[in-house]
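> Provided below are the primary sequence and the corresponding predicted coordinates.
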Amino acid sequence: EERRGLAELHGWNYAERHQTAIRGWPRTALPPGPLGRVRHELTGRHRGRPFRIFDYVHHGTPEAPWQRIEVCAVALPVPVPYLYIRGHGGADEGGGDVYAESPDSRFALELLSEPLRADLRRYGFTDLVMDRDVLISTSDGGGPDDPESRLEALTGIVDQVPADVWARWSED
């Protein structure tokens, strides 16, 4: 009901099920194991940028056979090389380090400017995946708890990257 209400409030789209939403996504963006199910998806635009938010329901443990995480994905301005960003600790924990893995380390170094790393720490993100034309965050990867705040944080991070960086690393 909460997602339906957000869709109505903002003029976004809601779908109870939309399995193809994750077609082609990198496996590192989702929990390991068999592919789970996409439920309660929101799509639309936030500050002019396309996004999708959904519950990812997947196999868990014997004690809790089904697990749910919330996934938020924000469109990037251009397709870019793969990048996995890992942070340790948020601003309230003394501002932990931010690490990145990419086939091209020069991309990671240029993208992760000090102001962007500071935002990642401030928002408390511990895991993000940038793949082709999307930035992906899950509720298991830190960040704001509610969907609107998470969406605002991710959009702000994408918008903070200078246009010349996107242009230089575009894989179009």
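Everything's here; your move. Numbering: from 1, shown residues only.
> what's the average pLDDT for the helix or strand that contains residue 136?
In this structure, residue 136 is located in strand 127-138 according to DSSP states H and E. When pLDDT is averaged over strand 127-138, the result is 93.
> for the longest helix along the chain, packing partners?
Secondary structure of the chain per DSSP state H: the longest helix is helix 147-160. Packed against helix 147-160 by the contact rule (3 or more CB pairs under 8 Å, 6 or more residues apart in numbering; DSSP states H and E) you find helix 2-10, strand 37-46, strand 49-59, strand 66-87, helix 114-123, strand 127-138. The way it works is simple: take the backbone N, C-alpha and C, and place the C-beta from them, glycine included.
> contact partners of that helix?
For helix 147-160, contacts defined as CB atoms under 8 Å, 6 or more residues apart in numbering pick out 3, 6, 42, 46-47, 49, 51, 53, 70, 72, 74-77, 115-116, 119-120, 123, 125, 135, 137, 143-144.
> show the subsequent helix or strand relative to it.
helix 163-169.
> could you report the neighbour count for residue 61?
8 (other CB atoms under 10 Å).
> can you pull the pLDDT of it?
79.
> then residue 122?
Value for residue 122, per-residue pLDDT: 91.
> for it, give its distance to residue 154.
For residue 122, the distance to residue 154 equals 13 Å [CB to CB, to the nearest Å].
> hmm, back to that, just the CA trace of the longest helix of the chain, in CSV.
Extracted as CSV, the C-alpha positions of helix 147-160 are listed here (Å, rounded to 0.1, in the frame of the first residue of the first chain):
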residue,chain,number,x,y,z
PRO,A,147,12.6,4.8,-0.4
GLU,A,148,12.2,8.6,-1.1
SER,A,149,15.3,9.5,0.9
ARG,A,150,17.3,6.7,-0.8
LEU,A,151,16.1,7.9,-4.2
GLU,A,152,17.1,11.5,-3.3
ALA,A,153,20.5,10.5,-2.1
LEU,A,154,21.3,8.4,-5.2
THR,A,155,20.0,11.1,-7.6
GLY,A,156,22.2,13.6,-5.8
ILE,A,157,25.2,11.4,-6.1
VAL,A,158,24.7,11.0,-9.8
ASP,A,159,24.1,14.7,-10.3
GLN,A,160,27.3,15.6,-8.4
